[in-house]
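Participant: next one to model:
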Amino acid sequence: EVILVEEAARQAQDAKMKSQDQNVWDIQENLSELESQKDDIILQASQEVAGNIRSQMEQLLQEWSKLSDTHTTRMKKWHKAMEQWRTLDSGTKEITSWLETAETKLSTARNTLNPTEAENLYQELEVSLRQHQSDVTRMNSAGDEILHNAAAINAENLRGKLELINQRWKVLCSEVLARQRRTKEHSVEPTEFTNEMDDLFSWIDETENIIGSSLRPNTLYLEALLEKVKDREDEIAPRQASLFNINSSGAKLMQSPKLTEKDRNNVHKDVENLNIGWKKVTKEVPERIRLIEEEIKKVRSLNEDVDNMVKWIVDTRAVLEKQKGTAKSVMESDTSTNVVVEQLNAIKSRQSKLNQINSSHQKHLESCKDLGQDVPDNLQVKITTMNIEFEQLQDLAKSMTNETKSPVNEVFEQSRQVQVAMEAKTQSLPTSTPSWIELDRSIGELRNWLTLLEHMLRSQKVTVGDVKDIEHMIQKQKTHLSDIDSKKSQLDHVLSASARLQNTMDNVEDRQAVQKRTERLKLDWDQTISHVTQRKTELDKMLEECQAFDKLYAQFEQWLSEKESELDSLETQREGSDAVTKHEKLQEDVNKHQETVDSLKWKAEVMITDHTNDDTQQMKKQLERLSNRWSILLNRLTGHWKALQTTRDSGLQFEPSLIDFLTWLEGAETSFKSLADQTANQDLPNNQELAEEFLEQYRDLQAEVDSYQNTFDNLNHTGSQVTGAMVAPDSHKLQARLEEMNKRWLHLMEKSIEIRGRLESNTEQWTRLVKTLQSLVSWVNDRQVELQKQQPLGGDLASVQRQAVDNQRLQQQLKLKRPLIEQSLNAGKFYLSEEGEDALYDSGGESTDDSYPDGIPEKDARHLIHKMRNLLRLLNRKWSDLNQSCIKWQDKVDEVVERMIIFHDTMDSLHDRLVAAEREVKDWPNVAEIIIGELQTEIDRTKSFQLRYPLQGEVDDVTDQANRLQEADVILSHHNVHKLENFTQRWESLRQMLQDRLQYLQDALIAYGPNSQHFLGESVDSPWERAVAGNKVPFYINHATESTQWDHPQLTILMDALMELNKIRFAAYRTGMKLRMLQKKLCLDMVSLQMSVDAFDNHGLRGRNDKLIDVGEMIQCLSTIFEAAAKVHSELINVSLSVDMTLNWILDVYDSVRSGKLRVLSFKVGLILLCKAQLEDKYRYIFRLIADTNAFADQRKLGLLLHDCMQIPRQLGEIASFGGSNIEPVRSCFEKANGRPEIEASHFLEWLKLEPQSL
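Facilitator: Coordinates of the predicted model:
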């Protein structure tokens, strides 16, 4: 099927295709003949032969079907390719021929000396380029298709040919269009320049008026003014470009030879004045914004301060009134008194804030007085009310303080007397009785604890509707009950002690006093238990109610979201009958769920009523959200049903009304045409009687036309609605009929005006024109109201698309009305100009011309001119504003539609991704069920999942798009807001689950994996237990003494044994014996140097000497070392004990603060110095640790090495004899290098042979 490029090959392939086509036809004829003979042969043949014939024929027909389909497809492709070749051949020939002609013209235009002739040639070329653009596009399209299917080798010639033609086309286009641009750039139209400059002057004047507005002390006024000034600030940037164009055009215009010197001076002055005004305005606008914002801030601050003060006064009054009445107990009286005193102190402290508010208000009054304005009444009322209520609050607090003062003092006095009496009785008690002081202290402790618990019960409020908060509070109540149970033994002890004390007392009053105090404690105890139990029961009931509510609410919310989406799609439905059926089904479903809504509201209201002492704000907000969404759904359903009914009724009545109107319109056109022909006679003005007769006929016809004006408007309006409800073909037909009707109506209006101009006097014409202008102003006002009703922007795609359609219909109405409005405006301007008035530029003063139309008194004429001028201005302004508003609104709606489509697509994509992620996570096993060997696999799987589903960016993208829509004044629908909240909650839940799962897996791997410290628990015996801190550093717990320590118990014993060696007199022997004992206890005397080096290399520690190593890595390395040593000394080495003690010792030496990390160099040096090896081999190895690739070491590295070496005697307590500073040893060692900045291993060993004291 490869299409060859060469002509000969193409003809050969064409012949081959025709031959194959003929062969296929021959096969079809043979098959037809066989099919016709089959039945006769089967009748004559045996059953077996007949069966074979049938099967062979069926197989043959299947093969034929395949061949026929393949052949048909191939022939279609071939014919298509041939058609493309014909298009390409004809196109290339035509374009090539035209290019040669065009290039000749271009060459002539370049070389000619006649500018006019050159300009004409360039214009001809420009027109010709536009005409041949489609031919070039078709040629390239056919060429691309052929090249796509052609063989690579044979396509080169064709590709080269097309590229050559396209190159010549581009060169020609670029030169012609460049000439056109240069021509336009060097020419300036005076009219355009003047209009642009007038527009900018007008903008500057309007801006000066806005920024010159006074600052009234009204927040709404200031905010509106700020919005206007900010709008002007936003317009500065685009207006700056306009100013630049004006300056550039003005400079070019002043160089034009067509202008006189006077005109040049005028242009120069205008441009200069424009720039001066521009600089002034652009400087004042930001300053004005700052002043307005400061004023708004002041006004708002004052209002907020007043509101806050009033709220505080109301709250404080409520607190004080709650404390009124007689207290039930001494403690409650004390509490009430404290509350009153606290509130009185708060009132005194608030006095300064009140004075500050009054001072600010006074300054505000003075400022308003200077501006000649009044302070808003509402603010004045607030200030007055605030001061009055504050004084009343002060009086209330003082009166309550006096009321509570004497009872409280009396109680305190009684309490003091009782205490004195009890102390006296205590002194008189025999020494053999239980101590009354001890009993009194125990009772006091229990009562204080019970009081604290009661206070906690009163202060612990829970958020109704928050299940987690309720569960947390229930757990607190369980803790309280547990504490009460634990304190029960203490209460029993107090009660028994009280009974024994009473038995030893002879004085009846003393016994009664002790008994009364004990009974009061028992009563408080029982009340507290009752309150805690009651609170727990209340919370259990609340939890059950909230869980039931949440479950029902979640189900209903899911259903509600589905119905909102269904209604969204219904509102965009265009076919009537199907839409009605779907609406009725949706309405039925909604009606069924009314009971669910009522149940949810009832449950919420019951919880709010039953739990008033707790925080019910969340439940109230949830109830409010539910009611709002349900009301909006019901209102939308009602509105949609009304729209469907209106559309259906309009559709039924529209067609007959349209036919009747068109029938009448045809008759009216005939009548007007006849009257126009009769009044066209030039002698008509001389025949007054005939003119009056024609005028009477015209008025009758015009009255009939006026009576049909409402019918015409209704048909247009209804037609727009019916068009929107129809499918595409019928909609286009009806739209065409409406456009034709509007054209005929406008033609009728023009004919009417023409006839009226011939027949009516100036007075009648002017009066009629005024009425027309009034009706047009009214119509434009109605359209403005209609446009305002479309706003604000909808919160979902269906709403915004509906607004776009509505505005397009409105623009269509404006388009149809435009000719009549423009004709009326032009007529009005013409009439006014005849009378010496200019409708657009008149200053509003009366005319001094005394010539008025015949029959019009001077006063009436002036009134008529003034009224017409006002109507013209009003209509011109409103018509211009309406058109601009429609265009701006359409641009805004179109932009939001594009954003909303992207927003919905992004939400759908995010939903799909979240569903896929949640489905995958759902199948993961629980962490507790994963075996140890698969922990790392699950960790990798979780990390891979996080990489495959980077949903945070998508969630942020959806949120950003929502924010940008809100910045564009889009208030998102409840459905979209709910989806956004749902996405955020689901992603947050998924993200938290992934983080928790990864943390659990990693903790499990650390605790139980191959690199865990779990096996080291065997290194200690009871009562000791090995534990691990947060940074993985081990510590040890003694359960017998309930104490903890960093050191291993065996290492502690070892350190004590080492202290016994301090009795040895000579330091060298003493230190040597300590080192030997430490080496043997840690089993490092059985670890060879090579074992340690191999372990370092196996764990990747080579070349990492300056890096840090953590506890886990140290344990792995030590395990490898001691496991290797245990293979040689299996009976002598306990691996877990040796690893744990060596780790503990290394941490004591190099990480005494237990940070959990130390340098790899320190780790290696500590092990190497205590391992089994010759001393020189050890020194050679540790030197290699600090040497560079050339086996040299500098002073800094040697200092680090010596510092690590000297930490060992420091830990053994021998730092006074061995160690000290590493500065002097480094200097001493480098003396062997004879002044060189680096040393070799030989220098280091030679220095060590001198036995330096530090080592």
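Participant: for stretch 444-460, which residues meet the burial criterion?
Facilitator: Going by neighbour count (16 or more other C-beta atoms under 10 Å), the buried part of stretch 444-460 is Leu446, Arg447, Trp449, Leu450, Leu453, Glu454, Leu457. (Each C-beta comes from the backbone N, C-alpha and C, glycine too.)
Participant: name the residue closest to the centre of this structure, please.
Facilitator: Centrality entry for the chain: nearest residue to the mean C-alpha point is Thr959, 1.9 Å, by C-alpha atoms, centre = their mean.
Participant: can you count the residues close to the nearest residue to that residue once chain neighbours are set aside?
Facilitator: Nearest residue to Thr959, sequence neighbours excluded (C-beta to C-beta, 6 or more residues apart in numbering): Leu980, at 6.9 Å. Using other C-beta atoms under 10 Å, Leu980 has 19 neighbouring residues.
Participant: roughly how far apart are Leu980 and Asp700?
Facilitator: 65 Å (C-beta to C-beta, to the nearest Å).
Participant: confidence score at the residue sitting furthest away from the middle of the chain?
Facilitator: Using C-alpha atoms, centre = their mean, the residue of the chain lying farthest from its centre is Gln44. It sits 84.4 Å away. We note a pLDDT of 76 for Gln44 in this prediction.
Participant: again, but for Asn762
Facilitator: So Asn762 comes in at 54 (pLDDT).
Participant: how is the protein divided into domains?
Facilitator: 7-185, 441-574+582-615, 664-885, 906-1008, 1019-1173 (automatic domain parsing).
Participant: tell me which of those is the most buried.
Facilitator: A comparison of those by mean neighbour count, using mean count of other C-beta atoms under 10 Å, puts domain 1019-1173 on top with a mean of 17.
Participant: show me how far that one is from its chain's centre.
Facilitator: 55 Å (C-alpha atoms, centre = their mean, to the nearest Å).
Participant: ends of it, what's the gap?
Facilitator: Taking C-alpha to C-alpha, to the nearest Å, the first and last residues of domain 1019-1173 lie 27 Å apart.
Participant: rewinding a little: any idea how far the residue farthest from the centre of the chain is from Leu60?
Facilitator: 20 Å.
Participant: show me the shaky parts of the stretch 751-900 of the chain.
Facilitator: For the stretch 751-900 of the chain, the stretches flagged by pLDDT under 70 are 756-765, 834-863.
Participant: 80 - rerun?
Facilitator: 751-769, 791, 794-796, 798, 802, 812, 816-817, 819-820, 823, 827-870 (pLDDT under 80).
Participant: could you pull out the helices in it for me?
Facilitator: Assigned helices in the stretch 751-900 of the chain, in chain order: 762-790, 797-834, 858-922 (criterion: DSSP state H, counting those that start in this stretch).
Participant: could you tell me the angle between the longest one and helix 797-834?
Facilitator: In this case it means helix 858-922. In terms of direction (axes from the mean of the first three to the mean of the last three C-alpha atoms, to 10 degrees), helix 858-922 departs from helix 797-834 by 160 degrees.
Participant: again, but for the shortest one
Facilitator: Comparing the axes of helix 762-790 and helix 797-834 via the same axes, to 10 degrees yields an angle of 160 degrees.
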